[in-house]
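Asks: give the three-dimensional model of this entry:
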Amino acid sequence: MSETSPVLLWLRRDLRLSDHPALCAAVQSGRPVIPVWILDEVAETHGACPKWRLGLGVGHMADLLAEQGSRLILRRGRALEVLRALVAETGAGAVYWSRVYDPDSIARDKGVKAGLKEDGIEAESFAGHLLFEPWSVETQTGGFYKVYTPFWKSVKGRDVPAALSAPSDIPAPGDWPASDTLDDWAMGAAMDRGAGIVRPHLHLGEAAAQTRLGTFMAHRVEDYREARNMVAEDGTSGLSENLTYGEISPRSCWHSGMRALHEGKAGAETFLKELVWREFAYHLVYHTPRIVSDNWREDWSAFPWNEDERLAEVKAWKQGRTGIPFVDAAQREMYVTGRMHNRARMIVASYLTKHLMCHWRIGMKWFEDCLIDWDAASNAMGWQWSAGSGPDATPYFRVFNPVTQQEKFDPDDAYVNRWIAEGRDDPHKDALAYFKAIPRRWSMAETDDYPEPVVGVSEGRKRALAAYEDRDF
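Replies: Prediction:
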């Protein structure tokens, strides 16, 4: 490889310039850098909302690179085939990328690395998506952690390197390869009319993510421990959206949280613990990849969950028509904003898996289709935690009561009133927006009567507990 042969910087979920180890390594090589993003075999499988949001993030990254005098080359196809073609077109001698850790991405990346090295091309992967590489955190006996609290205690005192500055210059090649056009890919096609409703709720790109972090640390982290559970309040950071696409690095978030902690801001440690909960999810996905598709606790395999998504109860759950206001409000929030409050996610998941006795995979797939902050590891672990089949899970006999949960975390009904229109004389604009976002085939209108519960709170709890008693845990 000559000193002038370009480096292909294969971007994936690292759509930023700052604290980007792969980008910094490419620039420090002294060779021209050609940033590339591929709509590949993994990205093609994403659900409607994540795929659309990813496309918007890629477009924003292209603009960011253009401001730096660089470009983002877009291609579509299997990753190894596309990269080999680009190597042939550009004379590139190396491909650098940031690691991701879900099973599909790992399989893709192993194949890419092996294929490129077979061709005599330098292929290097870098950290950046996590604080701690999954294999670097071990128990005292050398295994991986299966419970969160010991994992947190193991990493909370670790040194986390400072975030890297964005390069001041990205060397460009003499000639740029041809690029596809993002609009031609229609990555938001499956969103249909929902895209226009969700779009104003996005915080797109690196600058927006940094502003979000700064605002949270300045004004909300102090009360985060309590406020994060109050569903009608703006008490969370909202950074899951940006962390998902790598528009901000976890190191930037960590060091900002540590500064707040040292300043005595009460909620800072809770924020740091939430960052590490994300780490824990990836730790488990890496060491036990079955968590994304099968029961993590294998003794749950025979549990008689319903797996038929055609059931009327499942349809009502997806449409926010269960007759349980807290559950329905949460589903509608997700359809309008692309996000769902974390406390609400627990209630929605518990109702599906316990009151309705439906398999967690049904819910996991629905979130995969509807969330702008969809993350393979967090989504899988969250659903299995709620269902009782996962690591460090909520006890199987704990069945959240959505009525008492609403009384505790939405005491003034502000959340429910914001998202449910039926039966209100003057519905909130966000409640009305739901009917503009949903598919027309659902045939729903704000003038409909609000439904009776498909499964009552007491009835569902009794049914779940009876099913649990019939199996040997």
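Asks: and the end-to-end length of stretch 195-209?
Replies: End-to-end distance of stretch 195-209 (Cα to Cα, to the nearest Å): 20 Å.
Asks: just give the nearest non-adjacent residue to residue 30, would you?
Replies: Nearest-residue entry for residue 30: residue 3, 6.7 Å, with adjacent residues in sequence omitted and distances by Cβ to Cβ, 6 or more residues apart in numbering. C-betas here are computed from N, CA, C, even on glycine.
Asks: what about that neighbour, helix or strand, and which?
Replies: Following DSSP states H and E, one finds residue 3 outside all helices and strands.
Asks: distance of it from residue 427?
Replies: Between residue 3 and residue 427 the distance, using Cβ to Cβ, to the nearest Å, works out to 65 Å.
Asks: neighbour count: the two, which is higher?
Replies: Summary of the neighbour comparison: residue 3 and residue 427, criterion other Cβ atoms under 10 Å, with residue 427 having more neighbours (20 against 8).
Asks: helix or strand: which one has that one?
Replies: Under the assignment given by DSSP H and E, residue 427 is not contained in any helix or strand.
Asks: how much space between the residue lying closest to it once chain neighbours are set aside and residue 92?
Replies: Of all residues not flanking residue 427 in the chain, residue 421 sits nearest, at 3.7 Å (Cβ to Cβ, 6+ apart). When distances are taken as Cβ to Cβ, residue 421 and residue 92 turn out to be 55 Å apart.
Asks: just say helix, strand or coil for residue 142.
Replies: coil (DSSP: H, G, I helix; E, B strand; the rest coil).
Asks: what's the neighbour count on it?
Replies: Residues near residue 142, counting by other Cβ under 10 Å, number 6.
Asks: what about it, distance to residue 135?
Replies: Counting by Cβ to Cβ, the separation of residue 142 from residue 135 is 11 Å.
Asks: so who does the residue nearest to residue 185 when sequence neighbours are not counted touch?
Replies: When the adjacent residues along the chain are set aside, residue 185 lies closest to residue 39, with 5.7 Å between them (Cβ to Cβ, 6+ apart). In this structure, residue 39 makes contact with 74-77, 185, 187, judged by Cβ atoms under 8 Å, 6 or more residues apart in numbering.
Asks: could you work out the most separated pair of the residues you listed?
Replies: Taking every pair in the contacts of residue 39 and measuring Cβ to Cβ, the maximum separation is 14.8 Å, between 77 and 187.
Asks: the two: who's more crowded?
Replies: A direct count of neighbours by other Cβ under 10 Å for residue 77 and residue 187 places residue 187 higher, at 23 against 15.
Asks: burial measure for the nearest residue to the more buried one once chain neighbours are set aside, as a count.
Replies: Spatial nearest neighbour of residue 187, chain neighbours left out: residue 55 (3.3 Å); criterion: Cβ to Cβ, 6+ apart. A count of neighbours around residue 55, defined by other Cβ under 10 Å, yields 21.
Asks: paired strands for the longest strand anywhere in the chain, with orientation please.
Replies: Across the chain, the strand with the greatest residue count (assigned by DSSP state E) is strand 33-39. Pairing partners of strand 33-39, with direction, according to DSSP bridges: strand 7-11 (parallel), strand 73-76 (parallel).
Asks: list the helices and strands the helix or strand following that strand packs on?
Replies: Scanning forward in sequence from strand 33-39, with DSSP H and E defining helices and strands, the next element found is helix 48-67. If contacts are counted by 3 or more Cβ pairs under 8 Å, 6 or more residues apart in numbering; DSSP states H and E, helix 48-67 sits against strand 33-39, helix 182-185, helix 194-198, helix 360-370.
Asks: as a markdown table, the strands paired with strand 33-39 with mean pLDDT and mean neighbour count would be great.
Replies: Shown next, in a markdown table, are these (pLDDT from 0 to 100; neighbours: other Cβ atoms under 10 Å):
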| stretch | mean pLDDT | mean neighbour count |
| --- | --- | --- |
| strand 7-11 | 98 | 27 |
| strand 73-76 | 98 | 19 |
